[in-house]
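Enquirer: based on what follows, work out the 3D shape:
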Amino acid sequence: MNMIIGVTLKGIFRDRVFQGILTAAVLFLAIPSVSTLSMRQVTELSITLSLSLVSFIMLLLAVFLGGTSIWRDIERRYTFSVLSLPLTRSSYLFGRFAGIAIFLLLTAAVLAVATVAVVFVVSGNYPPERPVAWGAIAAAVGFDALKYIFLVAFAVLFSSVSTSFFLPIFGTITIFLVGGATQQVYDYVHSQAGQALAPLVRQIATALYYVLPNFSAFDLKVNAIYALKLNFQGLVLTAGYFSVYTAIVLFVSAAIFSRREMK
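Expert: The predicted structure follows:
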């Protein structure tokens, strides 16, 4: 599996994906100027824009690397050569996932440095009313990385059953949109306004909440922007949720891929 991880990382760098990220990171240079448009909350706006840019770049990587990696191997018939080696299909799948996950973590580290640099410059020129929560900013970027690694697991799941790139790409985007809304739907259903819904609708919505991924749990932007205290117990639960759910999705993917006919 280590060989597959290495090949995956080499392929990503060979395709100049990392250079593209560095090019996109140039947008961070514009954030200090744009942040001055907010007369009272310049630092807060710089944190918001920086974390939003980090999230956008990570989303693009998760969708396109996760959605095309395995499909491209099969399309170019690289998979047949790899699977002819003493290597199980599960190891191949896990190796591909791990390689992309490592690259996302590396990207998150680079973008975190860029974010800290931008916020440091802005907060120095425009001192905020409350101290900058550097730990919360680091946690926001770190849990953003976990969220998109989680999303890559779904991209791998779709790739394990698909013969084209349409399902992995659009399926992953759909899961991202659905997973970002599950918490809001659950809160609405259990609010006073949601009591007007039919009991069956509320039960279905509640069941889907526990089955579908909840990406809102990984969003720590509010803590970073307003220097709110992090809930350590909540972070541990979120990390555990990520580990268990990702493992389940990957094992289901491996079970499907192991029985798939290669043509």
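
Enquirer: ok, residue 249 - contacts?
Expert: 153-154, 156-157 (CB atoms under 8 Å, 6 or more residues apart in numbering). (Glycine included, C-beta is placed from N, CA and C.)

Enquirer: buried among those residues? Need that as a selection in PyMOL.
Expert: Of the contacts of residue 249, the buried ones can be selected in PyMOL as follows, counting by 16 or more other CB atoms under 10 Å:
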select buried, resi 153+154+156+157
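
Enquirer: the closest residue to residue 214 other than its chain neighbours: what secondary structure?
Expert: Nearest non-adjacent residue to residue 214, counting by CB to CB, 6 or more residues apart in numbering: residue 182, 5.0 Å away. Following DSSP: H, G, I helix; E, B strand; the rest coil, residue 182 is assigned to helix.

Enquirer: that older thread, keep only those of the contacts of residue 249 that are in helices.
Expert: If you go by DSSP state H, the contacts of residue 249 have 153-154, 156-157 in helices.

Enquirer: dump these to TSV, plus distance to residue 127 and pLDDT.
Expert: TSV is the format used below for these (distance: CB to CB, whole Å; pLDDT from 0 to 100):
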residue	distance to residue 127	pLDDT
153	42	95
154	42	95
156	45	92
157	47	92
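
Enquirer: which one of the contacts of residue 249 is nearest to residue 7?
Expert: residue 156 (15.7 Å; CB to CB).

Enquirer: I figured the closest one was touching residue 95, is that so?
Expert: No: taking contacts as CB atoms under 8 Å, residue 156 lies outside contact range of residue 95: 10.8 Å.

Enquirer: ranges for the helices of the stretch 51-200 of the chain?
Expert: Secondary structure of the stretch 51-200 of the chain by DSSP state H, counting those that start in this stretch: the helices cover 78-83, 89-125, 134-161, 166-189, 199-211.

Enquirer: residues touching residue 186, list them.
Expert: 205-206, 209.

Enquirer: for residue 90, same thing?
Expert: Residue 90 neighbours (CB under 8 Å, 6+ apart): 254, 257-258.

Enquirer: for the stretch 151-263 of the chain, which spans come out with low pLDDT?
Expert: 163, 260-263 (pLDDT under 70).

Enquirer: separation between the residue nearest to residue 214 and residue 151?
Expert: According to CB to CB, to the nearest Å, residue 182 and residue 151 sit 14 Å apart.

Enquirer: whichever strand or helix holds residue 248 vs helix 89-125, what angle?
Expert: For residue 248, the host element (DSSP states H and E) is helix 232-258. Our comparison of helix 232-258 with helix 89-125, counting by axes from the mean of the first three to the mean of the last three CA atoms, to 10 degrees, yields an angle of 150 degrees.

Enquirer: which parts of helix 232-258 are buried?
Expert: 235, 238, 241-242, 246, 249-250, 253-254, 257.
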